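Undergrad: All I have is the shape, not the residue letters:
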């Protein structure tokens, strides 16, 4: 069924969402504010004739707080938007889905990761499926199927087979790296015609988050202190999380820094990448790396106001990693193997930016902004291959050049836009 949304761009997660609605009693669509959750929910709602309510409307929120059953009484299929604004609603919803366990009856959206909210994390245990909607990927902007190249790399037997198929994954040569990083993936920011307008929009986004969303999630008494911590965290994007160091630089107690950084994750504005280790218990004790969810918003919080400012900036490397990661997480989420995205670092100083782990193999991915590669650029993936060669047929370097290369026997270098655009 075609739905009349002339500006709607098909989302990669739509098929996964439809599948979840066919099998689960409740489906929760989460993601940062303004990633397109409401639009996607309304598109699917038109297809399935769903009733739609949003708790962003004060009168609907009041009903949810006072008598939530009114929102679904007598209705077969219901969407409730921005459900994190009334967490207590989920307790009543739990009783309703136990009484009427129809598949796909409830679609909930939220600008918070409900799985990380202590007050609601177990309300729908065993009853709900959770899907995250990330910012737009370059593949979605090009309106092509994203994640194809990642899937292929996870199946490729060797680097030679990768090079023979390179023509199937063209680069988006019209988009520069700095422009891609600066624009990020928030749909509304992408639609604006100038960088100045994007800066204004992002300023309003941060203000809305601080003054509204954050207060709904937790009592933060000093918003300027919180914003200072956020800016410091973004400036350390891609580094190991050091709570004590961040707290010291921000002039805060370490416990406060931990709680506030956790709020960034709960509100889907930051993501942590765990360390890879063969022993899963060791992964839990190693420090994770922290990244912003969207590279464009990270630019704003870093004081970068246009793509030209990125050229030569010490932040271009971490921000480029952020941009690649938001695509890597989006594409990995589409795969049936449900791969984990991790990083690798040794006491010797060897490091790989990202490691994609499936039940049967590992794919190390190094990210470089340079247009050419030297031996030093391969140090991390070479060490990883030496350590885990039995489960790692190939390693990948995403770089700023335009050619597919084979700089070492088991290493393939791929233009960055070929990866994020396919």
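TA: Looks like it came in fine. All of these numbers come straight from a predicted model, not from anything done at the bench.
Undergrad: List the contacts of the closest residue to residue 61 other than its chain neighbours.
TA: Excluding the flanking residues, the one nearest residue 61 by Cβ to Cβ, 6 or more residues apart in numbering is residue 55, at 4.7 Å. C-betas here are computed from N, CA, C, even on glycine. For residue 55, the contacting residues are 61, 64, 80, 81, 82, 83, 85, 86, by Cβ atoms under 8 Å, 6 or more residues apart in numbering.
Undergrad: burial measure for the third one, as a count.
TA: Residue 80 has 28 neighbours, counted by other Cβ atoms under 10 Å.
Undergrad: Give me the below-cutoff pLDDT ranges for the stretch 151-300 of the chain.
TA: Scanning the stretch 151-300 of the chain for pLDDT under 70 picks out 215-219, 221, 281-285.
Undergrad: Provide a complete list of residue ranges assigned to helices in it.
TA: 159-164, 177-183, 187-191, 195-208, 214-217, 223-235, 243-250, 254-266, 280-285, 295-301 (DSSP state H, counting those that start in this stretch).
Undergrad: Check the gap between residue 410 and residue 364 for me.
TA: 10 Å (Cβ to Cβ, to the nearest Å).
Undergrad: between those two, who's got more neighbours?
TA: residue 364 (28 against 16).
Undergrad: For the host helix or strand of that one, name the packing helices and strands.
TA: Here residue 364, judged by DSSP states H and E, is contained in strand 362-367. Counting contacts by 3 or more Cβ pairs under 8 Å, 6 or more residues apart in numbering; DSSP states H and E, strand 362-367 packs against helix 316-332, strand 351-357, helix 379-388, strand 395-399.
Undergrad: For residue 39, find the nearest of the helices of the stretch 151-300 of the chain.
TA: Residue 39 sits nearest to helix 187-191 of all these, at 7.8 Å, using Cβ to Cβ.
Undergrad: Residues contacting the closest one, please?
TA: Contacts of helix 187-191 (Cβ under 8 Å, 6+ apart): 9, 34-36, 39, 135-136, 141, 183-184, 198, 201-202, 296.
Undergrad: Next: stretch 29-36.
TA: By Cβ under 8 Å, 6+ apart, stretch 29-36 touches 11, 17, 37, 40-41, 107-114, 130-136, 185-188, 205, 208-209, 213, 267-269, 293-294.
Undergrad: Now do the same contact list for the nearest residue to residue 292 once chain neighbours are set aside.
TA: Spatially, and ignoring its direct neighbours in sequence, residue 292 is nearest to residue 298 (3.7 Å; Cβ to Cβ, 6+ apart). The contact partners of residue 298, by Cβ under 8 Å, 6+ apart, come to 184, 234, 237, 291, 292, 319, 322.
Undergrad: Pick the one among those residues closest to residue 159.
TA: So of those, ranked by how close each gets to residue 159 (Cβ to Cβ), first place is residue 322, at 26.8 Å.
Undergrad: how deep is the closest one tucked in, by neighbour count?
TA: 26.
Undergrad: Check residue 372 too.
TA: Residue 372: 13 neighbours (other Cβ under 10 Å).
Undergrad: State the helix or strand in which it lies.
TA: Here residue 372 is assigned to no helix or strand, by DSSP H and E.
Undergrad: Okay, it and residue 311: tell me how far apart.
TA: Applying Cβ to Cβ to residue 372 and residue 311 gives a distance of 17 Å.
Undergrad: List the contacts of residue 398.
TA: Contacts of residue 398 by Cβ under 8 Å, 6+ apart are 324, 365, 366, 367, 368, 413, 414, 415, 416, 419.
Undergrad: give me every residue that touches the third one.
TA: To tie it back to what came earlier, the one meant is residue 366. 352, 353, 377, 378, 380, 381, 395, 396, 397, 398.
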